[in-house]
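Enquirer: This is the structure alone, sequence omitted:
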């Protein structure tokens, strides 16, 4: 095995954010701002390739990513069918090299959902199947200078 794919040098980084699926972005933003007192919430943006509209609630120790379905094929639609009020959708951890992380995860028996693609932070991400991760959908996000 080449050093590039050496499993012993793989390190999971900091938790970056928790993704929360919401049926109504405006109501969710109002809740986080007016009830919980969040003062830094980004404007909602569309990430069409992933079928979501998203906004980040910036907190001192990380972020909450609010995600709302965008389009009729959004993967968030199925989640909201099962959880009509919304709820925790995924957790995201930082990694130094997404391709290395994908290879290591696959070698450890994890089902990686698709190829690395651009996520809401503008960096490459992959998701790990919740059936292999204790029922939790895990996002791995490449962060430069990790």
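Expert: Cool, the structure landed. None of the values given here were measured: they were computed from a predicted structure.
Enquirer: can you map out the strands along the protein?
Expert: Assigned by DSSP state E, the chain shows strands spanning 15-21, 45-47, 52-59, 62-69, 87-95, 112-118, 124-128, 138-142.
Enquirer: Rebuild those as CSV, extending it with distance to residue 27 and mean pLDDT.
Expert: From N, CA and C alone the C-beta is placed, and that goes for glycine too. Converted to CSV, the strands of the chain look like this (distance: least, CB to CB, whole Å; pLDDT from 0 to 100):
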stretch, distance to residue 27, mean pLDDT
strand 15-21, 12, 97
strand 45-47, 18, 97
strand 52-59, 12, 97
strand 62-69, 10, 97
strand 87-95, 14, 97
strand 112-118, 27, 96
strand 124-128, 26, 98
strand 138-142, 24, 98
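Enquirer: who wins for proximity to residue 38 among the ones you listed?
Expert: Among those, the nearest to residue 38 by CB to CB is strand 52-59 (4.9 Å).
Enquirer: helices or strands next to the longest helix seen in the chain in the packing?
Expert: Of all the elements of type helix in the chain, the one with the most residues (DSSP state H) is helix 98-107. On a contact count with 3 or more CB pairs under 8 Å, 6 or more residues apart in numbering; DSSP states H and E, helix 98-107 meets strand 112-118, strand 124-128, strand 138-142.
Enquirer: which outside residues touch the longest one?
Expert: In other words, strand 112-118. 49-50, 98-99, 102, 105-106, 124-129, 142 (CB atoms under 8 Å, 6 or more residues apart in numbering).
Enquirer: And for the second one?
Expert: Residues outside strand 124-128 that contact it (CB under 8 Å, 6+ apart): 90, 92, 98, 101-102, 105, 110-119, 137-142.
Enquirer: Buried among those? Need that as a selection in PyMOL.
Expert: Remark: buried members of those, expressed as a PyMOL selection using 16 or more other CB atoms under 10 Å:
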select buried, resi 90+92+98+101+102+105+110+112+116+119+137+138+139+140+141+142
